[in-house]
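Enquirer: sequence and predicted structure, then a few things I'm wondering about:
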Amino acid sequence: MKRFKFFVVAAVVACGLIQGGPVAAQASLATYSKEAMDNLVGLLKKAATDGYTMEPNGTSIFGGWLPKGSRQRNEVWIPVLKLLNVDPNKSHRVIAAGDLDTKDLDLRIVDSDGKVVAVDDTVLRDAEVTFRPTRRQDYTIQVRIYDSTDKCICIGAILSKAEPARIVNMPILIPAPTQDDPVVIQGSLQNTDAIDLVRKRPAKVHFIELKAGNRYVIDLTSNTFDTYLRLENGNRTQLASDDDSGIGLNSRIIFDCQADGLYRIIATSYGGGQGGYTLQVANQP
């Protein structure tokens, strides 16, 4: 991970944090900071158990004052750090905790396109998110106090751990089904598989020749993860997608083919699971 664009401290008003307030409150800054740090310790220990460490030669701790939250659903998300050129060969964990005035601290990660890639909005005075980039890009850490008895000190940390390099999968060519013989493929989805650019999850891509005028029923089933199925044409334009139209958490697409050609069937998961799967393509009379 490249270093950060800016580091947030209590006096940085431009980043949205408010100043410490009266002299008496500033005199208690050490107390508030210790409360927040004490709340952060549990998440630091958990991260260490999970194999995450702070990177050397760079800033790994951030903190500052946050405005009071009043559970009005209009509390502002405040950008506190921008992470530059984040390494996709690592998982990154961001943790944050508030002082004892904090009732609900929320945390999220936003990519360079403005999309939220990870969020923790549980009702706790600390928060934790883990994410792994699909490519090198910048990310912004945002926090908010959703509920508190006063303005609060928030302290956070950024940790990471190395992950296996992603596999560049060769496309899987499968034969076209007939009305008498559906095509059945047994496969396995792993966390190291190439990332589907739409779902942002590991995926396997299957190529198949389909004929105009036919109706195809495409089923993706698994006993180990919640499946997600996508269908694209040869230009990678999505034609259909499905989560749970099959039995249980399995996926089904019914496709009325309008043009002969090579199509892409993408087998992936809804929530990032892995394990064995069965892909079946039937030519429905």
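Expert: Structure received.
Enquirer: going forward, measure contacts and count neighbours with C-alpha atoms only.
Expert: Noted.
Enquirer: where in the stretch 151-285 of the chain is pLDDT low?
Expert: 165-170 (pLDDT under 70).
Enquirer: in the longest helix anywhere in the chain, what counts as buried?
Expert: Across the chain, the helix with the greatest residue count (assigned by DSSP state H) is helix 29-49. The neighbour-count check on helix 29-49 (16 or more other CA atoms under 10 Å) flags 29, 32-40, 43-44, 47 as buried.
Enquirer: can you redo the residues you listed as TSV with pLDDT and distance to Thr102?
Expert: TSV is the format used below for the buried residues of helix 29-49 (pLDDT from 0 to 100; distance: CA to CA, whole Å):
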residue	pLDDT	distance to Thr102
Leu29	81	15
Tyr32	90	10
Ser33	91	12
Lys34	91	13
Glu35	93	10
Ala36	93	9
Met37	94	13
Asp38	94	13
Asn39	93	11
Leu40	95	13
Leu43	94	16
Leu44	94	19
Ala47	94	22
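Enquirer: would you map the helices across this structure?
Expert: For the chain, applying DSSP H gives helices covering 23-27, 29-49.
Enquirer: got a markdown table for the ones you listed, with distance to Phe225 too?
Expert: Conversion of the helices of the chain to a markdown table gives the following (distance: least, CA to CA, whole Å):
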| stretch | distance to Phe225 |
| --- | --- |
| helix 23-27 | 51 |
| helix 29-49 | 25 |
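Enquirer: who wins for proximity to Gln238 among these?
Expert: Nearest to Gln238 among the helices of the chain is helix 29-49 (38.1 Å), distances taken as CA to CA.
Enquirer: returning to that earlier point: quick check, nearest of the buried residues of helix 29-49 to Asp243?
Expert: For the buried residues of helix 29-49, the residue nearest Asp243 by CA to CA is Ala47; the value is 31.8 Å.
Enquirer: wouldn't the closest one be in contact with Met54 here?
Expert: No - using CA atoms under 8 Å, Ala47 is not in contact with Met54, being 9.8 Å away.
Enquirer: residues shared between the contacts of these two?
Expert: Leu159 (CA atoms under 8 Å, 6 or more residues apart in numbering).
Enquirer: endpoints of stretch 60-79, how far apart?
Expert: Chord length of stretch 60-79, first to last residue, is 16 Å (CA to CA, to the nearest Å).
Enquirer: which parts of it are buried?
Expert: Within stretch 60-79, the residues that qualify as buried by neighbour count (16+ other CA under 10 Å) are 60-70, 77-79.
Enquirer: so which of those residues sit within strands?
Expert: Restricting the buried residues of stretch 60-79 to those inside strands, with DSSP state E as the criterion, leaves Ile61, Phe62, Gly63, Gly64, Trp65, Leu66, Ile78, Pro79.
Enquirer: adding pLDDT and distance to Arg230, write the residues you listed out as TSV.
Expert: Converted to TSV, these look like this (pLDDT from 0 to 100; distance: CA to CA, whole Å):
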residue	pLDDT	distance to Arg230
Ile61	89	40
Phe62	90	40
Gly63	89	42
Gly64	88	44
Trp65	88	45
Leu66	88	42
Ile78	92	35
Pro79	93	34
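Enquirer: make a markdown table from these and add distance to Ile153 to it.
Expert: Supplementary listing: those in a markdown table, determined by distance: CA to CA, whole Å:
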| residue | distance to Ile153 |
| --- | --- |
| Ile61 | 13 |
| Phe62 | 11 |
| Gly63 | 7 |
| Gly64 | 6 |
| Trp65 | 5 |
| Leu66 | 6 |
| Ile78 | 13 |
| Pro79 | 15 |
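Enquirer: Asp242: how many residues sit nearby?
Expert: Residues contacting Asp242 under the criterion other CA atoms under 10 Å number 19.
Enquirer: contacting residues around it?
Expert: Residues near Asp242 by CA under 8 Å, 6+ apart: Tyr228, Leu229, Arg230, Ser251, Arg252, Ile253.
Enquirer: the fifth one: neighbour count?
Expert: As a burial measure, the neighbour count of Arg252 was computed by other CA under 10 Å and equals 25.
Enquirer: relative to Pro133, how far out is Thr102?
Expert: Computed with CA to CA, the distance linking Thr102 and Pro133 is 30 Å.
Enquirer: scratch that, Ala176 is what I was asking about
Expert: Distance from Ala176 to Pro133, by CA to CA: 35 Å.
Enquirer: so between those two, which is more surrounded?
Expert: Shown here are Ala176 and Pro133; by other CA under 10 Å, Pro133 has more neighbours (20 against 16).
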